[in-house]
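Asker: predicted structure and sequence below. I'll ask about it afterward.
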Amino acid sequence: MSALLTIIASFSLIGLGDNNPYKKCEDSLTSNGKDYKFFNLTKLSDDRYDKLPYSVRVLLESAVRNCDNFLVKEDDVKKILDWEKKSE
Ligand SMILES: *[C@@H]1O[C@H](CO)[C@@H](O)[C@H](O)[C@H]1NC(C)=O
């Protein structure tokens, strides 16, 4: 059982999990004939995103990319989006 959990955990760590609730934000761009996948946070259509400092945006992108509702939960993403409210 714990070996199975370890396998599931490592799959989500390298982003192979398919449970990402933010999959709709996945975008790709082509540069020098190579395709790159990334999470386009503009597609969150969330006003709070524009107000986040750059460093917090980087943190948010990582949380969205790794969100699997197992190690990283949607609630974690929402907490980061609420950074402004809680940053006093
Ligand atoms: C991200 O998504 C927005 C809205 O769909 C789009 O206008 C923008 O071009 C995208 N950004 C990139 C880098 O593809």
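Answerer: Received it, and whenever you're ready, just let me know what you need. Numbering: from 1, shown residues only.
Asker: contacts and neighbour counts: CA atoms only from here.
Answerer: Noted.
Asker: Arg65 is in contact with Pro21, correct?
Answerer: No: using CA atoms under 8 Å, Pro21 makes no contact with Arg65, being 9.7 Å away.
Asker: the two: who's more crowded?
Answerer: Arg65 (21 against 14; other CA atoms under 10 Å).
Asker: got the confidence number for that one?
Answerer: Looking at Arg65, its pLDDT is 91.
Asker: measure it to the ligand for me?
Answerer: 15 Å (CA to the nearest ligand atom, to the nearest Å).
Asker: least trustworthy helix or strand in the chain by mean pLDDT?
Answerer: Ranked by mean pLDDT, DSSP states H and E, the helix or strand of the chain with the weakest confidence is helix 2-13, at a mean of 54.
Asker: extract the C-alpha trace of the helix or strand following it and format it as CSV.
Answerer: Next helix or strand after helix 2-13 toward the C-terminus (DSSP states H and E): strand 26-31. Output in CSV follows, covering the C-alpha atoms of strand 26-31 (Å, rounded to 0.1, in the frame of the first residue of the first chain):
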residue,chain,number,x,y,z
GLU,A,26,-2.8,24.5,-20.3
ASP,A,27,-1.4,26.3,-23.3
SER,A,28,1.4,25.7,-25.7
LEU,A,29,3.7,27.8,-27.8
THR,A,30,6.2,26.9,-30.5
SER,A,31,9.6,28.3,-30.5
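Asker: great, nothing more from me.
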